[in-house]
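Trainee: Sharing a sequence plus its predicted fold:
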Amino acid sequence: MEYQINSMNARKEFIEIADEQDRNYWAARLGVTAEKLKSVVKAIQSMEFSIVKEYLTMEKIKSGSAYKRFLNPS
């Protein structure tokens, strides 16, 4: 039983940025433009959805005002 659970969790989703329709689907799912998605995939050199999503989440956090105040307290 444990093997089945682990194998289900091991399923990975990959973003196919070469196909415009697929790229647009993933961009909409991630809440970014298709161009932003392409640049992120190129920057992190991964097309695995979970890694791209994590990168975008961290990028969003780092651009937030609370994070900037934490880095540069006045």
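Mentor: Received the coordinates, thanks.

Trainee: list the buried ones in the helix of greatest length in the chain?
Mentor: Secondary structure of the chain read by DSSP state H shows that its longest helix is helix 49-63. Buried residues in helix 49-63, counting neighbours by 16 or more other C-beta atoms under 10 Å, are found at 51, 52, 53, 55, 56. Every residue, glycine included, has its C-beta placed from N, CA and C.

Trainee: ditto for stretch 14-28
Mentor: By 16+ other C-beta under 10 Å, the buried positions in stretch 14-28 come out as 15, 17, 23, 26, 27.

Trainee: For the second one, which non-adjacent residue is spatially closest?
Mentor: If you skip the residues right next to it in sequence, residue 17 has residue 23 as its closest partner in space, 4.9 Å away by C-beta to C-beta, 6 or more residues apart in numbering.

Trainee: Tell me who's in contact with that neighbour.
Mentor: Residues near residue 23 by C-beta atoms under 8 Å, 6 or more residues apart in numbering: 15, 16, 17, 34, 37, 38.
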